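Novice: A predicted structure for the sequence below; I have some questions about it.
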Amino acid sequence: MAVCRVYTTQSLNSTSSISTSTKTNLDFHQKHVVFYSTSGKRSSKRGSSSTTTVITCSAGDSQTVVIGLAADSGCGKSTFMRRLTSVFGGAAEPPRGGNPDSNTVISDTTTVICLDDYHSLDRTGRKEKGVTALDPRANNFDLMYEQVKSIKDGIAVEKPIYNHVTGLLDPPELIKPPKIFVIEGLHPLYDERVRDLLDFSIYLDISNEVKFAWKIQRDMAERGHSLESIKASIEARKPDFDAYIDPQKQYADAVIEVLPTLLIPDDNEGKVLRVRLIMKEGVKYFNPVYLFDEGSTISWIPCGRKLTCSYPGIKFSYGPDTYFGDEVSVLEMDGQFDRLDELIYVESHLSSISTKFYGEVTQQMLKHADFPGSNNGTGLFQTIIGLKIRELYEQLVTSKVRAPVEAKA
Ligand SMILES: Nc1ncnc2c1ncn2[C@@H]1O[C@H](COP(=O)(O)OP(=O)(O)OP(=O)(O)O)[C@@H](O)[C@H]1O
Ligand SMILES: O=C(CO)[C@H](O)[C@H](O)COP(=O)(O)O
């Protein structure tokens, strides 16, 4: 039996609204049928209005795994996504022939959407109402929930697009259910209904000092912003970041925390990083990585004959802990690698890293040696989480395939 959803999109000036209803037993047999009946004019220009009705159906046999990646802007989400899609193979590109300013990235197996597309207020609308994009009032969580649920149910959706170039809400784009659907952005863990749809979630927790250093590097060097304007933008976002973004980390299955190094006393350069991978215990299909001996508390300096280290060296730590009242395992790396090919030495001492062959972590890291963070724990832990997501996907799919067979027996 097909399950169909009917979307009616209306946009007027700086706001947009999409209403949905679900219908079963409709006589649609194809998997992702999309019917458009458009009344009014579809347009991205301010001051115009448009109405679009879209019906999408699913045959009900989908196996989409949904992953949430939360972080503030400029905290490495895109870099992480490039590492993740690379683990699954194939190139990741924006939708072909679509809006050139689309925020979506698609590969053979994964579709990554940016939750900025659920801003309900455009740039002018936010300014008029005096709210930031981090404020839940500037975002449409009902639609986010409806559409993530549809994709999980195997139903294609017409997702809005927030255009970062113009600051306007553009006409929607068609998103078909992929094998792995990643929702990345400011609020993937904010709304309980959306949170409950996630098969796995990650929060990138970048400390203020490091965030500032990265922002300067990108926005000054690549975007021509002044130091004062970067400082002002970080300060202006801080109250809403503290109120709405940061608290989401308590819900994440894995948190990658990035802090200044402890190896250099009073370091304020922000180049050498202490990175902590905080992994919740008891998450289905996710077994935390460990160093040497599962559950023990370990401190390890790998520098010496097999790993070349210059000042200030490298220190790993591992052990059990609690995080927001939950039991977790924490793997920490402070310092940076001099020679990435020697990472194999470290990899061989890590267990439960979900590789398919010896040295796969090192291979992935070498493949993307030019990505930011490849010489430290950010790149290492993002790569490992990518491999864990691949394993989780494979186990989830296997369990779904087995379930009906077992039920019959
Ligand atoms: N691991 C890292 N080490 C050093 N710098 C990094 C790291 N990750 C990201 N950066 C810096 O931060 C910038 C932003 O990274 P990226 O584009 O991946 O973040 P984002 O969260 O997707 O940003 P936005 O939401 O603004 O698009 C990069 O250009 C780089 O300068
Ligand atoms: O926090 C952000 C997430 O990327 C952006 O600032 C937000 O989406 C608003 O975008 P813009 O600044 O382009 O209007």
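Specialist: Cool, the structure landed. Ligands and ions are numbered 1, 2, ... in the order given.
Novice: from here on, just use CA atoms for contacts and neighbour counts.
Specialist: Fine.
Novice: quick one: secondary structure of the residue of the stretch 301-409 of the chain found nearest ligand 1?
Specialist: In the stretch 301-409 of the chain, the residue that lies nearest ligand 1 is G373 (3.4 Å; C-alpha to the nearest ligand atom). State at G373, reduced to three classes by DSSP: H, G, I helix; E, B strand; the rest coil: coil.
Novice: that one against T383, yeah?
Specialist: No. Counting by C-alpha atoms under 8 Å, G373 stays clear of T383, with 10.7 Å between them.
Novice: any weak-confidence spans in this protein?
Specialist: 1-62, 402-409 (pLDDT under 70).
Novice: which residues of it lie near ligand 2?
Specialist: Counting by C-alpha under 6 Å from any ligand atom, the chain comes close to ligand 2 at 73, 116, 123, 133, 164, 167.
Novice: and the residues you listed, which of them are buried?
Specialist: 116, 123, 133 (16 or more other C-alpha atoms under 10 Å).
Novice: what about the strands in the stretch 251-400 of the chain?
Specialist: Along the stretch 251-400 of the chain, counting by DSSP state E, counting those that start in this stretch, strands occupy 254-260, 273-280, 290-291, 298-300, 314-323, 326-335, 350-351.
Novice: and the angle for the second one with strand 326-335?
Specialist: With axes from the mean of the first three to the mean of the last three C-alpha atoms, to 10 degrees applied, the angle from strand 273-280 to strand 326-335 works out at 160 degrees.
Novice: is there any residue in strand 273-280 that contacts ligand 1?
Specialist: No. With C-alpha under 6 Å from any ligand atom as the criterion, ligand 1 is not reached by strand 273-280; the gap is at least 8.5 Å.
Novice: list the helices and strands that strand packs on?
Specialist: Helices and strands touching strand 273-280, by 3 or more C-alpha pairs under 8 Å, 6 or more residues apart in numbering; DSSP states H and E, are strand 254-260, strand 326-335, helix 377-408.
Novice: adding distance to ligand 1, write those out as a markdown table.
Specialist: Shown next, in a markdown table, are those (distance: least, C-alpha to the nearest ligand atom, whole Å):
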| stretch | distance to ligand 1 |
| --- | --- |
| strand 254-260 | 9 |
| strand 326-335 | 12 |
| helix 377-408 | 5 |
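Novice: can I get those in CSV with mean neighbour count?
Specialist: Shown next, in CSV, are the helices and strands packed on strand 273-280 (neighbours: other C-alpha atoms under 10 Å):
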stretch, mean neighbour count
strand 254-260, 23
strand 326-335, 22
helix 377-408, 18
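Novice: find the nearest non-adjacent residue to G74, please.
Specialist: K215 (6.6 Å; C-alpha to C-alpha, 6 or more residues apart in numbering).
Novice: wait, I meant C303
Specialist: C309 (5.6 Å).
Novice: how close does the residue nearest the centre of the chain get to C114?
Specialist: Most central in the chain under C-alpha atoms, centre = their mean is L69, positioned 2.6 Å from the mean C-alpha point. Note on L69: its distance to C114, by C-alpha to C-alpha, to the nearest Å, is 10 Å.
Novice: shared neighbours, these two?
Specialist: Residues touching both L69 and C114 (C-alpha atoms under 8 Å, 6 or more residues apart in numbering) are 183-185.
Novice: surely L273 meets N376?
Specialist: Yes. Taking contacts as C-alpha under 8 Å, L273 lies within contact range of N376: 7.1 Å.
Novice: got any residues that touch both of the two?
Specialist: Common contacts of L273 and N376 (C-alpha under 8 Å, 6+ apart): 334-336.
Novice: surely F241 and T132 touch.
Specialist: No. Judged on C-alpha under 8 Å, F241 makes no contact with T132 at a distance of 9.7 Å.
Novice: what sits closest to whichever residue of the chain sits closest to ligand 2 if chain neighbours are left out?
Specialist: Closest residue of the chain to ligand 2, C-alpha to the nearest ligand atom: H164 (3.9 Å). Take H164 and drop its neighbours on the chain: the residue closest to it by C-alpha to C-alpha, 6+ apart is D101, 7.4 Å away.
Novice: that neighbour: neighbour count?
Specialist: Number of residues near D101 (other C-alpha atoms under 10 Å) recorded here: 14.
Novice: wait, doesn't it sit right on V165?
Specialist: Yes. With contact defined as C-alpha under 8 Å, D101 and V165 form a contacting pair (7.2 Å).
Novice: quick one: secondary structure of the residue nearest to the centre of the chain?
Specialist: Per three-state DSSP, L69 ends up strand.
Novice: do I202 as well
Specialist: Under three-state DSSP, I202 comes out as strand.
Novice: state the distance from it to E173.
Specialist: Note on I202: its distance to E173, by C-alpha to C-alpha, is 26 Å.
Novice: what's the answer for L198, then?
Specialist: 22 Å.
Novice: neighbour-wise, which of these two wins?
Specialist: L198 (22 against 16).
Novice: mind checking the SS state of that one?
Specialist: Quick answer, by three-state DSSP: L198 is coil.
Novice: ok, it touching T64?
Specialist: No. Using C-alpha under 8 Å, L198 is not in contact with T64; the gap is 10.5 Å.
Novice: count of neighbours near T64?
Specialist: 21.
Novice: ok, now which ones touch it?
Specialist: Residues near T64 by C-alpha under 8 Å, 6+ apart: 151-154, 177-181.
Novice: for ligand 1, what are the nearby residues on the stretch 151-300 of the chain?
Specialist: Contact residues, the stretch 151-300 of the chain versus ligand 1 (C-alpha under 6 Å from any ligand atom): 214, 217-218.
Novice: ok, now how distant is A91 from M81?
Specialist: For A91, the distance to M81 - C-alpha to C-alpha - is 12 Å.
Novice: with Q395 instead?
Specialist: Q395 is 21 Å from M81, where distance means C-alpha to C-alpha.
Novice: kindly report the same for H225.
Specialist: Here H225 is placed at a distance of 25 Å from M81 (C-alpha to C-alpha).
Novice: these two: which has the busier surroundings?
Specialist: M81 (22 against 14).
Novice: and that one, what element?
Specialist: Under the criterion of DSSP states H and E, M81 resides in helix 77-88.
Novice: sounds good, over and out.
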